[in-house]
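Trainee: predicted model and sequence below, questions to follow.
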Amino acid sequence: MDYTQLSILEVAKLLREGKVTSLELTKQALQMAKEKESFNALTQVFEEDALKQAALVDEMFKSGKELPLLAGVPITIKDNINLTGKKTTCSSKFLSTYVSPYDATIVKNLKSSYAIIIGKNNMDEFAMGSTTENSAFGPTLNPRNPQYIPGGSSGGSAAAVAANIGYASVGTDTGGSVRQPSAMCGVVGLKPTYGLVSRYGIVAFASSLDQAGPVTKTVKDSALMLNVLSCHDEMEETSVKRDKIDYMQSFTGSVKGIKIALIKECFGDGLDEEVKQKIMDAKSFYESQGAEIIELSIPVFNDILACYYILSSAEAASNLSRFDGVKYGFSIENPKNLNDLYLQNRSKGFGKEVKRRIMLGNYVLSSGYYDAYYKKAKKVQKKLVKQFAEVFKLCDVILMPTAPTPAFKIGEKVGDPLSMYLSDIYTVPVNIAELPAISVPCGVSKNGLPIGMQLIGSKFSETTLFNVADVFETQKEAK
Amino acid sequence: MISKKDVLHIAKLSKLEFSDEEIEKFTTEMSTIVEYVNTLQNVDTSDVNDELSVLPLNDLRADQVKPSLSQEDAIKNAPKKRSGGFSVPQVVE
């Protein structure tokens, strides 16, 4: 029997009923990784470790021990998350030989839930990109149609889950990098509230925006994963101290009386007609289920992409200044002097998009430009936060597209960075305002490519998001 | 709007070097991107204050000595090491 297409909750039940073992699930997931190798969703596979771990979990099940729901379930993690003894490449030549000496906090959480980590996912180098074409190990292909991009930067995570290579993945989302590829591959992607999931041990891109989140097949699995990932972490200064919530208690099966807002700025030029239609279908569905639909405005919404590229590049330039090839990473032989060592290591170790962001970041931070760009962007950020707050006085959840179009062809936007950046126009405001959001599949285009809708809530409203998303996922088809 | 001179200056600050051909390309690409992010200048921000911090500071943890990465692990990935430390080309002549 093939179990690879099931959800985490389904296999968790089978494991407890003794109908399947973790070893069987893990073998099948590893087999799938081999069969689907051409998608290039993984940078590394840990066959031996995974099988050993699965056998141990099976022993624990046999002994009658009560285990967390994720126990024995094979998953993957993005290759910018540190896992002791394994490489953390960030899909960069610079880190292609770097071996992690420690676990990220979220890896510790996964391990203490006895998840089986079978491999690491391909990504845009240092998470910079929207297509997973900026990987030193080659692009990841979209499992729904391998001529198309899977989205990015967590394209390997979304592709792996869509291709049934493991039951979930953990990606990172700085401007949409979990949600946008999830939409394009037809899976569920969550970006939690900033501070809910520890960033300790995740290679930083833009520290004030980075947040790890799960990619799953179902909304309930997403809640299950957030139960494992979220925690207060004293190793991380922005980790939020609050009582642990059981997100599996989010589900009421009803959206009656819930106020769902459409933001009028989201339906202008650049939005694909088919995507727009699917969002309107979702709106009608919610209306039919007793939700109240209101139209609201966030006037600054369409200016946020520019704000994002200033802030994220500025932080990236600062974060990536530590990559000098002295403490770890790519290093040339026989440098002329110390400066030559830095110059050559960085110039030869980083790919094109990473250099572009470092350059943009240092430009907006450089003397004479700081006020006009960085400081201005911080002010626009505050304006957005205010406008979101006004909107959330009147509604519980915002509904909008995750991406303006379905996936595009591999290579189509490689020579045009700005046009590629535009695919994140609906996702970046969520990071800029530190909000939670979830992307849920809401249909398929005429070309057979998945379309995702995004639900955005106020800070720490994940339970509401899960519930509203779950009602759509479980009841839309039945209708 | 962005000149070749700007790009060379930023490259120097970024500790990156480019071929002449790459410099030409970067100048064009960066001009397009900077032109785009410049649209932000049109946003009226007179209604928000100047303070930069958006996040309130969290509780700080107690300053206690705890075990952390060993020296051996910390230098394990170093391309060049010597006597338990990182090794770099001579800086002072």
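Mentor: Cool, the structure landed. Numbers count the residues shown, from 1 in each chain, chains lettered A, B, ... in the order given.
Trainee: of all residues in chain B, which one is nearest the centre?
Mentor: When Cα atoms, centre = their mean is applied to chain B, the residue found nearest the centroid is residue B:14 (7.2 Å).
Trainee: what's the weakest-modelled helix or strand in chain A?
Mentor: In chain A, the helix or strand scored least confidently by mean pLDDT, DSSP states H and E is helix A:417-421, which has a mean of 84.
Trainee: need the CA coordinates for stretch A:58-73. PDB is fine.
Mentor: This file holds the C-alpha atoms of stretch A:58-73, laid out as PDB (Å, rounded to 0.1, in the frame of the first residue of the first chain):
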ATOM      1  CA  ASP A  58       8.800   2.200  16.000                       C
ATOM      2  CA  GLU A  59      10.400   0.700  19.200                       C
ATOM      3  CA  MET A  60       8.800   3.400  21.200                       C
ATOM      4  CA  PHE A  61       5.400   2.900  19.700                       C
ATOM      5  CA  LYS A  62       5.700  -0.800  20.400                       C
ATOM      6  CA  SER A  63       6.500  -0.200  24.000                       C
ATOM      7  CA  GLY A  64       3.200   1.600  24.300                       C
ATOM      8  CA  LYS A  65       4.700   5.000  24.900                       C
ATOM      9  CA  GLU A  66       2.400   8.000  24.100                       C
ATOM     10  CA  LEU A  67       4.100  10.100  21.400                       C
ATOM     11  CA  PRO A  68       3.500  13.500  19.800                       C
ATOM     12  CA  LEU A  69       1.400  13.400  16.600                       C
ATOM     13  CA  LEU A  70       4.500  14.100  14.400                       C
ATOM     14  CA  ALA A  71       6.400  11.100  15.800                       C
ATOM     15  CA  GLY A  72       7.700   8.800  13.200                       C
ATOM     16  CA  VAL A  73       6.500  11.000  10.300                       C
END
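Trainee: just the buried residues of that stretch, please?
Mentor: For stretch A:58-73, burial by neighbour count (16 or more other Cβ atoms under 10 Å in any protein chain shown) applies to A:58, A:61, A:67, A:68, A:69, A:70, A:71, A:72, A:73. All C-beta atoms are positioned from the backbone trio N, CA, C, and that covers glycine.
Trainee: quick check: the farthest pair among these?
Mentor: Within the buried residues of stretch A:58-73, A:58 and A:69 form the most distant pair, 15.9 Å apart (Cβ to Cβ).
Trainee: does chain A sit close to the strand or helix carrying residue B:73?
Mentor: Applying DSSP states H and E as the criterion places residue B:73 in helix B:71-75. Yes. Helix B:71-75 is in contact with chain A by Cβ under 8 Å from any Cβ of the partner chain, via B:73, B:74, B:75.
Trainee: filter those down to the buried ones.
Mentor: Here, 16+ other Cβ under 10 Å leaves B:74, B:75 buried among the residues of helix B:71-75 next to chain A.
Trainee: want to try CSV for the residues of helix B:71-75 next to chain A, with pLDDT and distance to residue A:120 as columns?
Mentor: Formatted as CSV, the residues of helix B:71-75 next to chain A follow (pLDDT from 0 to 100; distance: Cβ to Cβ, whole Å):
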residue, pLDDT, distance to residue A:120
B:73, 94, 20
B:74, 94, 22
B:75, 95, 24
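Trainee: pick out the residue closest to the middle of chain A.
Mentor: Geometric middle of chain A (Cα atoms, centre = their mean) lands on residue A:178, at 1.9 Å.
Trainee: hmm, back to that, doesn't residue A:313 make contact with the residue nearest to the centre of chain B?
Mentor: No. If you go by Cβ atoms under 8 Å, residue B:14 and residue A:313 don't touch, sitting 11.1 Å apart.
Trainee: so what's the nearest residue to residue A:381 once chain neighbours are set aside up against?
Mentor: In space, and not counting its chain neighbours, residue A:381 is closest to residue A:432: 5.3 Å by Cβ to Cβ, 6 or more residues apart in numbering or on different chains. Residue A:432 is in contact with A:209, A:304, A:307, A:308, A:311, A:381, A:384, A:385, counting by Cβ atoms under 8 Å, 6 or more residues apart in numbering or on different chains.
Trainee: of those, which is the most crowded?
Mentor: Counting neighbours by other Cβ atoms under 10 Å in any protein chain shown, residue A:304 leads these with 30 neighbours.
Trainee: find the closest residue to chain B in the stretch 51-200 of chain A.
Mentor: Chain B sits closest to residue A:101 of the stretch 51-200 of chain A, with a gap of 4.0 Å, by Cβ to the nearest Cβ.
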